[in-house]
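Novice: how does the following fold in three dimensions:
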Amino acid sequence: MAVFVREVMTPGVVSVRPDASLVEAAQLMRAQDIGDVLVAGDHALIGVLTDRDIALRAVANGVDPLTVSARSVCTPDPVVVGPDDGVAAAVALMRDHAVRRLPVVEDGRPVGMVSLGDLAISENPDSALAEISRAAPDGRGSGGGTRA
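Specialist: Numbers count the residues shown, from 1 in each chain. Predicted structure coming up:
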């Protein structure tokens, strides 16, 4: 069982510039088979942009995703965790803030992501969520998003 976030996080980040269009962000999500990207500028985290944000905060309102920036739709100042924080702290943050993923930030710079699935695999490898999280994407482009 992992003790620190760095032991369970997915290292590295997928990010877009704050002025990137929503189309650019969505294409990156599709290419990486993920459901969110970090919005970062000068190596500093500005927000998190999810596929749901694009759908509900932009497309559903009839805005042109080619002309709207990632910064204007993302969730600003997201809850974050550090790589040397305990896994229990990450679980508590997810529970308290009702989120499924946390950017991992070190010295103000994003260095990874930890998801509910990462924690499930670490805490209880035999759980249903852990089994689902380990499953390979089906390759159909179903938009399953970042594995929970």
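
Novice: all helices of this structure, in order?
Specialist: Taking DSSP state H to define them, one finds helices in the chain at 22-32, 51-53, 70-73, 87-97, 116-123, 128-134.

Novice: tell me which residue is most central in the protein.
Specialist: What sits nearest the mean C-alpha location of the chain, by Cα atoms, centre = their mean, is Asp36, with 4.7 Å.

Novice: these two touch, right, that residue and Asp51?
Specialist: Yes - between Asp36 and Asp51 there is a contact under Cβ atoms under 8 Å: 7.0 Å. Placement of C-beta: from N, CA and C, glycine included.

Novice: where does the chain dip in pLDDT?
Specialist: 1, 123-148 (pLDDT under 70).

Novice: tell me the residue furthest from the middle of it?
Specialist: Going by Cα atoms, centre = their mean, the residue of the chain most distant from its centre is Gly62, 24.7 Å out.

Novice: ok, the residue lying closest to Glu106 once chain neighbours are set aside to Gln27 distance?
Specialist: Spatial nearest neighbour of Glu106, excluding adjacent residues (Cβ to Cβ, 6 or more residues apart in numbering): Pro83 at 5.4 Å. According to Cβ to Cβ, to the nearest Å, Pro83 stands 29 Å off from Gln27.

Novice: straight-line length of stretch 64-78, end to end?
Specialist: Start and end residues of stretch 64-78 are separated by 25 Å (Cα to Cα, to the nearest Å).
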